[in-house]
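Novice: below are the sequence and a predicted model for it; my questions follow.
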Amino acid sequence: MTASIKHEPRFRFVDLCAGIGGFHQAMGSLGGKCVGASEINEACIETYRLNFPDTHIYGDISEMENISQIPEFDIVCAGFPCQPFSKAGKQLGFQDRSRGKLFFSILNVIDSHPEVKGFVFENVRNLADNKANWSVICDELKARDFIITEDPLILSPSDFQIPQKRERVFILGIKAAWRDERMLPNSKITVNDLDLRRGSCSKTAALEVLYSDPANDAYVVSDDVEEALLAWDEFRGETGIKTIGFPIWLSHFGIGIKRDSDFFEAMGLSTMPGWKQNYLRHNRHFYQIHRDYIDRWVTRYNMLERNKLLQKFEWNCGEDAADIKHGLVQIRQSGVRVKRPDLFPTLVAMPNTPIVWDTVLGHFRRISPKEAARLQSFEDFYKFGGSDSQTYRQLGNAVNVEIARQLGKGLLRLIREERNDGE
């Protein structure tokens, strides 16, 4: 009987602030073995365990008493929390006493493992816009003798023919003693050193990720939402909206008020900030031009009785979509927004899933979790725990697998086979 041969992994990595395992899938595809993961969100941990049951999960890395007990590894992967740096939050950065300090917990892991060769970190784009935060990160890493991407490396899935606009900043580093001078002759890592395989998306790329699964009416939008979307499409056609440069807000029309001065006084125009004054004036002028049609349209579709979010409309397609059924729809706090069919808007960690027209079902529907997973480059066999809502949130927080894979591949090509202790 022939004994089975166990192949040694190409490298070992630790997965910190691991989420649902985007880095794990990427590094595993390059021949890496994960020696342990850290995550605190229970729903994410459930998904991680479904896909990587043999990986030990340490929980909150900042509360580990002996981080040196983590088995030896070559590469650190970390998508440390973005909320302290996101434009959607308070932007407290490293002053956020809980999540902002996790970067230093990651440094503690590095300090306790002198064998580490390099790292790949991911965060929101806004992190690189704050020079103070960026300087802290660069200074701390260079003080540990890492050669790093000092110039912010901003990448989106759309740079790799994946139809999602989602800019994130990636920080890469190699311990100076481990760099291959032939591949990395300079004192910092540049995007050219990484030899990334990039490509652009076609004008209809976003719609090409759809319809590969049987039609599922579980994701069809409510009748109220569909009626409003179709009503806005009629509105757009009848009023000739193509490249209008401001959002349409029904509350800014002054429906039923004849005199502009009466409406502006009732709205408190003089006390508004300048941008809102412009919106109000543009909307009022638009209404006056199309008053007869708009009055009939509002009554016919009961538009003023609908949810406030459905009373606002933005057409961002120009002439690249024939109608709303050929665009990508998002319902946000700013209202109904219709985007071009080339790139999906950024998946976010909240129930704000893009909406498409399903030609098979004949209805508008939200993209499915599997379609959302494809936008983050997760394999179709990837398993998700919990509800669909939880899955969307998890994917909204996840690192894009293809970007992580390419960066991991680029980083590994810059590392020498044997350490040079003379450096």
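Specialist: All right, it came through fine.

Novice: what bits of the stretch 251-400 of the chain have low per-residue confidence?
Specialist: Residue ranges of the stretch 251-400 of the chain with pLDDT under 70: 351.

Novice: so which residues of it form strands?
Specialist: 312-315, 328-332, 335-339, 355-358, 363-366 (DSSP state E, counting those that start in this stretch).

Novice: of all these, which one comes closest to residue 272?
Specialist: The closest of the strands of the stretch 251-400 of the chain to residue 272 is strand 312-315. By C-beta to C-beta, the value is 16.6 Å. To be clear about C-beta, it is placed using only N, CA and C from the backbone, and glycine gets the same treatment.

Novice: helices or strands up against that closest one?
Specialist: helix 223-239, strand 248-249, strand 335-339 (3 or more C-beta pairs under 8 Å, 6 or more residues apart in numbering; DSSP states H and E).

Novice: okay, the strands of the stretch 251-400 of the chain in JSON lines with distance to residue 70 next?
Specialist: Formatted as JSON lines, these follow (distance: least, C-beta to C-beta, whole Å):
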{"stretch": "strand 312-315", "distance to residue 70": "48"}
{"stretch": "strand 328-332", "distance to residue 70": "41"}
{"stretch": "strand 335-339", "distance to residue 70": "43"}
{"stretch": "strand 355-358", "distance to residue 70": "43"}
{"stretch": "strand 363-366", "distance to residue 70": "40"}
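
Novice: can I get these in a markdown table with distance to residue 292 and mean neighbour count?
Specialist: Output for the strands of the stretch 251-400 of the chain, formatted as a markdown table (distance: least, C-beta to C-beta, whole Å; neighbours: other C-beta atoms under 10 Å):
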| stretch | distance to residue 292 | mean neighbour count |
| --- | --- | --- |
| strand 312-315 | 19 | 22 |
| strand 328-332 | 28 | 20 |
| strand 335-339 | 23 | 21 |
| strand 355-358 | 29 | 22 |
| strand 363-366 | 29 | 20 |
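
Novice: who wins for proximity to residue 184 among those?
Specialist: So among these, strand 335-339 is nearest, using C-beta to C-beta, at 39.2 Å.

Novice: send the alpha carbons of the closest one over as PDB?
Specialist: What follows is strand 335-339 as a C-alpha-only set of coordinates in PDB (Å, rounded to 0.1, in the frame of the first residue of the first chain):
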ATOM      1  CA  GLY A 335     -33.800  58.500  -3.200                       C
ATOM      2  CA  VAL A 336     -34.000  56.400  -6.400                       C
ATOM      3  CA  ARG A 337     -30.800  56.500  -8.300                       C
ATOM      4  CA  VAL A 338     -30.300  54.800 -11.700                       C
ATOM      5  CA  LYS A 339     -26.700  54.100 -12.800                       C
END
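
Novice: so which elements touch it?
Specialist: helix 223-239, strand 312-315, strand 328-332.

Novice: what do you get if the cut-off is 6 Å, keeping everything else the same?
Specialist: Applying 3 or more C-beta pairs under 6 Å, 6 or more residues apart in numbering; DSSP states H and E, we find strand 335-339 packed against strand 312-315, strand 328-332.

Novice: partner strands of that strand, with direction?
Specialist: If you go by DSSP bridges, strand 335-339 pairs up with strand 312-315 (parallel), strand 328-332 (antiparallel).
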